[in-house]
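Chemist: Based on what follows, work out the 3D shape:
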Amino acid sequence: MEMCFRALCCKGPPPPRPEYDLVCIGLTGSGKTSLLSQLCSESAENIVSTTGFSIKAVPFQNAILNVKELGGADNIRKYWSRYYQGSQGVIFVLDSASSEDDLETARNELHSALQHPQLCTLPFLILANHQDKPAARSVQEIKKYFELEPLARGKRWILKPCSLDDMEAVKDSFSLLINLLEERDFEPSRM
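Modeler: Modelled structure (predicted):
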């Protein structure tokens, strides 16, 4: 009886939350820094474009995401792949209200990432940001334009609309990504 009682009343500290290392990519101005800052409950004032990379620990109830955000400028994108090693998942942020040219560049960058040997087996969260802008394209338009169905067949990816106005939806999208990361954890490792 005493054993049972001790087990009930003397619970130790909660088990540590799993941590996952993610890489966050997307063109300059897509909103990567703003979204991550909001998720960390930091002020979105005075946000400047990330020129190299920054790392944020983004806390969720069931996991901690260590997100390495890479700057999206032309002269930095060519170095992205140097930072992919060790990533367990990918967040790709795109500006759904951007010009055709930028959208095409974003599509090419996403295609490169989805096919990169260090990323191609990882779960992807693709966020169609700036949905609050009048020129924003719908998720259906983005899915079609980015040719995600044929390209990402057999891969685990989530495409979600988002904006800073609706951080609950952003958190829900990240929760779906955490589910994919957890599923990966339980899979027998493929040799």
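
Chemist: Sticking with the most centrally placed residue in the chain, tell me its helix or strand.
Modeler: Geometric centre of the chain, nearest residue: Ile91, 2.4 Å, by CA atoms, centre = their mean. Assigned by DSSP states H and E, Ile91 belongs to strand 89-95.

Chemist: can you check Ala57 too?
Modeler: Ala57 belongs to strand 53-59, assigned by DSSP H and E.

Chemist: Quick check: next helix or strand after the strand holding Ile91?
Modeler: That would be, after strand 89-95 and using DSSP H and E, helix 100-115.

Chemist: Show me what that next one is packed up against.
Modeler: Counting by 3 or more CB pairs under 8 Å, 6 or more residues apart in numbering; DSSP states H and E, the packing neighbours recorded for helix 100-115 are strand 89-95, strand 124-129, helix 148-151. From N, CA and C alone the C-beta is placed, and that goes for glycine too.

Chemist: Contacts made by the lengthiest helix in the chain with the rest, please.
Modeler: In the chain, taking DSSP state H as the definition, the longest helix is helix 167-186. Contacting residues not belonging to helix 167-186 are listed as 18, 20, 22, 35, 38-39, 58, 60, 62-63, 65, 88-89, 91, 122-123, 125, 127, 156, 158, 160-162 [CB atoms under 8 Å, 6 or more residues apart in numbering].

Chemist: Save the helices and strands packed on helix 100-115 as CSV, and put in mean pLDDT too.
Modeler: Compiled in CSV, the helices and strands packed on helix 100-115 are given as follows (pLDDT from 0 to 100):
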stretch, mean pLDDT
strand 89-95, 98
strand 124-129, 97
helix 148-151, 79
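
Chemist: how about these, which one is nearest Thr28?
Modeler: For those, the distance to Thr28 is smallest for strand 89-95, at 9.4 Å, taking CB to CB.

Chemist: tell me the angle of the closest one relative to helix 100-115?
Modeler: Here the directions of strand 89-95 and helix 100-115 differ by 170 degrees (axes from the mean of the first three to the mean of the last three CA atoms, to 10 degrees).

Chemist: picking that back up, of the contacts of helix 167-186, select the buried ones using a ChimeraX command.
Modeler: Listed next is the ChimeraX selection for buried residues among the contacts of helix 167-186, using 16 or more other CB atoms under 10 Å:
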select :20,22,35,38,39,58,63,65,88,89,91,122,123,125,127,156,160,161,162
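
Chemist: Okay, now the unreliable bits of this protein?
Modeler: 1-12, 152-153, 187-191 (pLDDT under 70).

Chemist: Please repeat the previous calculation with a cut-off of 80.
Modeler: 1-15, 43-47, 49-50, 150-155, 185-191 (pLDDT under 80).

Chemist: that older thread, Serialize the helices and strands packed on helix 100-115 to TSV and add fields for distance to Ser173.
Modeler: Output for the helices and strands packed on helix 100-115, formatted as TSV (distance: least, CB to CB, whole Å):
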stretch	distance to Ser173
strand 89-95	9
strand 124-129	6
helix 148-151	15
